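# Here is my input, please return the structure:
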Amino acid sequence: MNRVKPIIWGVAIVALGVIFGGNALGLFELNVFFHGWWTLFIIVPSVIGIFTEKEKLASLFMLAVGVILLLAAQDVFSYDVAWKVILAILLVIFGVKIIFQGIFGNTDKEVEKKIKNLGGEKMDSQIAVFSGSERTYNNETFVGSNLVAVFGGVDLDLTNAKISKDAVIKAFCLFGGIDIKVPKDAQVKIRSRFVFGGASDERHDKAGKGARVIYIDAAGGFGGVSVDDRPDFDD
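Have a look, this model is predicted:
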């Protein structure tokens with residue numbers, strides 16, 4: 001996973017500790033419990049997501065939500081107005097996304113057909129709900145996998161997997177992330193269906209030269225699926 005995220009979280013926690021300690025010792029006086037202080041639990045993760053996540057739209061939306069609620073807490077306007085504005089922003093973004101999908105949609109008929117035909121294969125499963133899951137194939141046969149990440153993360157490492165025929169990966173994430181590491185010579189074809197998120201192919205050679213194809217059916221919201229061929233997930 002990205003190393004930047006824990007570093008930023010660590011700095012934020014250290015800063016909070018310094019503020020509490022300084023207040024206790026009388027070195028300075030900073031009041032962190034202002035009206036609407038709880039919105040920081042929305043704003044801070046959103047700011048971190050903007051700098052660390054590949055798909056930034058969800059983080060930007062949540063940042064807007066946090067700022068709007070903070071302004072409401074500060075009596076700039078009422079909470080009733082705040083929720084209406086948030087709903088309006090959500091509807092506009094969702095509508096624009098549907099329009100762009102209709103115009104520039106990435107529905108690949110070959111991928112769709114393969115996913116349907118190969119979907120009956122017996123596939124392994126990884127499910128992470130408010131947690132993390134990692135699976136590494138070491139000289140094991142891989143035919144496919146069902147990956148689910150809900151408020152969590154899933155790592156699937158196929159670098160040393162035996163892929164003797166075309167395989168399918170069904171990946172669903174909601175407020176989570178899925179990282180898939182594939183062999184350098186693998187061909188990968190992705191079908192992406194997301195709201196506030198998406199699937200990204202981060203491989204160095206996106207064409208691939210292998211005889212077999214890994215078909216990825218990625219879907220979800222407020223999250224993302226990443227495909228890469230790097231030596232490890234932390235690079």
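# hey, where'd the helices end up in the chain?
4-25, 40-52, 57-73, 79-104, 109-118 (DSSP state H).
# Please identify the most buried of those helices.
Ranked by mean neighbour count, those are led by helix 57-73 with a mean of 19 (mean count of other C-beta atoms under 10 Å). Just so you know, the C-beta spots here come from the backbone N, C-alpha and C atoms, and that holds for glycine as well.
# Spatially nearest residue to Lys162 (excluding sequence neighbours)?
On the basis of C-beta to C-beta, 6 or more residues apart in numbering, the spatially nearest residue to Lys162 that is not a chain neighbour turns out to be Thr141, at 4.7 Å.
# Quick check, that neighbour in contact with Asn160.
No: Thr141 is beyond contact range of Asn160, at 11.5 Å (criterion: C-beta atoms under 8 Å).
# just for the protein, where's the confidence low?
The model of the chain has pLDDT under 70 over residues 1-6, 8, 32, 52-56, 97-122, 205-210, 231-235.
# how many neighbours does Gly132 have?
14 (other C-beta atoms under 10 Å).
# Show me the beta-bridge partners of the residue lying closest to it once chain neighbours are set aside.
Closest residue in space to Gly132, ignoring its immediate chain neighbours: Gly153 at 4.8 Å, by C-beta to C-beta, 6+ apart. On the basis of DSSP bridges, Gly153 is bridged to Gly132, Gly177.
# and Gly153, how many residues sit next to it?
By other C-beta under 10 Å, 18 other residues sit near Gly153.
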